[in-house]
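Novice: I need the structure of the sequence given here:
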Amino acid sequence: MIDTTESPKYVRLEAFGMGPYAMKKIKICPRCGQIAKRTSLVCYACKKILTRKTLFDEYKMMHFCCPSCDIPLTLDTQYCPHCGRKVSFSSGEQ
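Specialist: Numbering: from 1, shown residues only. Sure thing, here's the model as predicted:
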């Protein structure tokens, strides 16, 4: 498995507030769209109770993920760019 903590790609993404590590640190309020910390229970802007899911969790629900390392992949991926495992998509799976 590739050590992404030292990967220049992830370091660059994190410097701009993006990437998987940044997405795992925040939640988005479904009512007002305010950004909140991962540990927040209530949106400070509109007082709506937040779910436990981070932005990364929400993103993963919309995409197919590698069965080995759980990184979101596109449907044309043959090998996971993160862990190198061969990926096969069955029909009807997203």
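Novice: So the most centrally placed residue in the chain: helix, strand or coil?
Specialist: Central residue of the chain (Cα atoms, centre = their mean): residue 56, 2.6 Å from the mean position. Three-state call for residue 56 (DSSP: H, G, I helix; E, B strand; the rest coil): helix.
Novice: That one against residue 23, yeah?
Specialist: Yes: checked against Cβ atoms under 8 Å, the pair residue 56 and residue 23 is within contact range at 3.8 Å. C-beta: built from backbone N, CA, C; applies to glycine.
Novice: to the chain's geometric centre, what's the distance from stretch 22-42?
Specialist: 13 Å (Cα atoms, centre = their mean, to the nearest Å).
Novice: From residue 41, how far out is the closest residue to residue 86 other than its chain neighbours?
Specialist: Closest residue to residue 86 apart from its sequence neighbours, by Cβ to Cβ, 6 or more residues apart in numbering: residue 79 at 5.6 Å. Going from residue 79 to residue 41 by Cβ to Cβ, to the nearest Å gives 39 Å.
Novice: and stretch 54-71, what's its mean pLDDT?
Specialist: For stretch 54-71, the mean pLDDT works out to 86.
Novice: what's next to that stretch, contact-wise?
Specialist: With contacts defined as Cβ atoms under 8 Å, 6 or more residues apart in numbering, stretch 54-71 is touched by 1, 20, 23-28, 38, 53, 72-75, 80-83, 85, 87, 89, 93-94.
Novice: quick one: buried residues of that stretch?
Specialist: Buried residues in stretch 54-71, counted by 16 or more other Cβ atoms under 10 Å: 54, 55, 56, 60, 66, 69, 71.
Novice: hey, where'd the helices end up in the protein?
Specialist: Remark: helices assigned in the chain by DSSP state H are 8-15, 20-23, 55-61.
Novice: quick one: the second one to chain centroid distance?
Specialist: When you say that, I think you mean helix 20-23. Computed by Cα atoms, centre = their mean, the chain-centroid distance of helix 20-23 equals 6 Å.
Novice: Which residues are in contact with the residue nearest to residue 30 when sequence neighbours are not counted?
Specialist: Once flanking residues are discounted, residue 30 sits nearest to residue 48: 7.2 Å by Cβ to Cβ, 6+ apart. Applying Cβ under 8 Å, 6+ apart to residue 48 gives the contacts 29, 30, 31, 32, 42.
Novice: Kind regards, and thank you for your time.
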